[in-house]
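Colleague: no sequence on this one, just coordinates:
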């Protein structure tokens, strides 16, 4: 069973009963210099079943409102990780940005990624110059060939 543990005051918030996401907050007040990447703690730890991953995304309004982004797009928390979640955030602006203590910055969601518990090894991969063609083969990155 998935569990969330947090410091008092930093509990994840599910805004509505239909929300797939839990909002999580920044610990402490932060000032991000222009173009700076900072690892910000959240006060949140998670424990998950095998085959489950916790994905952390930036709240959708922050790039537009504050020019903030996750440094790597999405933060992946593996099922065997037990430390506090810290998230790298990037200030894309040419000016300093303040993040307030307890400000909702990120969202996390739990999702299953496999029902199989297997170890990845080199036997799973075939070394080839090309893959076999499909209908999508005719286009470029992101193309469905239309």
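Modeller: Thanks, I have it. Quick caveat, the model's predicted, so the values are computed rather than measured.
Colleague: Let me know whether residue 94 touches residue 33 as I believe.
Modeller: No. Counting by CB atoms under 8 Å, residue 94 does not reach residue 33; the two are 10.3 Å apart. Using the backbone N, CA and C atoms, a C-beta is placed for each residue, glycine as well.
Colleague: Quick check: closest non-adjacent residue to residue 77.
Modeller: residue 54 (3.9 Å; CB to CB, 6 or more residues apart in numbering).
Colleague: let me redo that: residue 20
Modeller: Closest to residue 20 by CB to CB, 6+ apart is residue 109, at 5.5 Å.
Colleague: Number of residues surrounding the one you found?
Modeller: Neighbour count of residue 109, defined by other CB atoms under 10 Å: 13.
Colleague: residue contacts, it?
Modeller: By CB atoms under 8 Å, 6 or more residues apart in numbering, residue 109 lies in contact with 20-22, 54-55, 57.
Colleague: biggest strand in this protein by residues?
Modeller: strand 104-112 (DSSP state E).
Colleague: Mean confidence (pLDDT) on that one, please.
Modeller: The pLDDT scores in strand 104-112 average 88.
Colleague: again with stretch 58-69
Modeller: 90.
Colleague: Please check the contacts of residue 109 and keep the buried ones.
Modeller: 21-22, 54 (16 or more other CB atoms under 10 Å).
Colleague: Pick the one among those residues closest to residue 41.
Modeller: residue 54 (15.4 Å; CB to CB).
Colleague: List the contacts of the helix or strand harbouring that closest one.
Modeller: Here residue 54, judged by DSSP states H and E, is contained in strand 52-58. For strand 52-58, the external contacting residues (CB under 8 Å, 6+ apart) are 2, 21, 24, 46, 48, 68-70, 74-79, 85, 87, 89, 105-113.
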